[in-house]
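*Asks:* Below are the sequence and a predicted model for it; my questions follow.
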Amino acid sequence: MNKDIIICGVGGQGTVLASKIIAAAFSEEGHRVHSAETIGMAQRGGSVVSHVRIGEEAFSPLIPYGNADILLGFEPAEAVRNLKYLKKDGTAIVNTTATMPVTEALKESGYSADKMTEYIRDRYETVFVDADEVARQFGSNKFFNIVMLGVAAGSGRLGIDTGILEETVRRNVPAKYADINLEAFRKGFTTGNAVNHN
């Protein structure tokens with residue numbers, strides 16, 4: 001298997017943890033994996049982009065433009081900003097709830113999440129989900145990134161054994177929150193599966 005995955009969002013959304021879980025799960029399955037992060041101007045609110053490369057064709061941790069099979073967008077504007085990495089026949093899996101990045105707030109550009117999702121939908125195969133709403137069912141936005149992992153897995157695009165992914169989630173979150181994180185993952189999985197079949 002050769003697969004390139006871009007995960008993008010803003011600081012505080014758990015982008016880096018999500019990429020580490022994906023990389024660790026593919027490694028556990030026996031694949032060669034490279035990963036890297038580029039983090040923007042602020043720990044919270046700045047752009048965060050994680051690259052995960054799986055397979056023997058991955059000689060560098062950074063994905064070239066036009067090479068990603070999947071773009072996992074935690075925030076609509078960041079998804080649009082990173083579409084340059086996605087293949088023409090790639091899939092964008094995008095959270096529809098806006099968390100205005102610092103770069104947009106500084107420009108006062110009239111940022112609209114609806115315009116961002118429409119832009120993506122017109123150009124790529126897409127899976128859209130309001131992951132914030134799903135995460136709120138568990139009482140906290142802290143589970144947002146795990147919900148997004150579940151959506152990606154449930155959509156069928158991630159292509160990794162669900163049991164391995166669940167066990168990797170369990171190992172990478174605090175033990176006392178493992179069960180609720182797994183519940184969030186499974187709810188995301190069900191949501192992604194339902195969206196995929198609509």
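*Replies:* Cool, got the structure.
*Asks:* which ones are touching residue 23?
*Replies:* 33, 35, 52 (CB atoms under 8 Å, 6 or more residues apart in numbering). C-betas here are computed from N, CA, C, even on glycine.
*Asks:* right, I mislabeled it, should have said residue 8
*Replies:* 15, 47-50, 71-75, 78-79, 81-82.
*Asks:* Look up the pLDDT of it for me, please.
*Replies:* The pLDDT attached to residue 8 in the predicted structure is 96.
*Asks:* hang on, it is in a strand, isn't it?
*Replies:* Yes - the assignment for residue 8 (DSSP: H, G, I helix; E, B strand; the rest coil) places it in a strand.
*Asks:* what is it paired to in the beta sheet?
*Replies:* residue 49, residue 73 (DSSP bridges).
*Asks:* for the protein, longest helix please?
*Replies:* helix 178-196 (DSSP state H).
*Asks:* And it, what does it pack against?
*Replies:* strand 125-129, helix 131-136, helix 144-154, helix 162-172 (3 or more CB pairs under 8 Å, 6 or more residues apart in numbering; DSSP states H and E).
*Asks:* nearest to residue 154, of the contacts of residue 23?
*Replies:* residue 52 (18.2 Å; CB to CB).
*Asks:* give me every residue that touches the residue sitting nearest the centre point of the chain.
*Replies:* The geometric centre of the chain, computed from its C-alpha atoms, lies nearest to residue 72 (CA atoms, centre = their mean), at 3.3 Å. Residue 72 makes contact with 5-8, 18, 93, 148, 152 under the criterion CB under 8 Å, 6+ apart.
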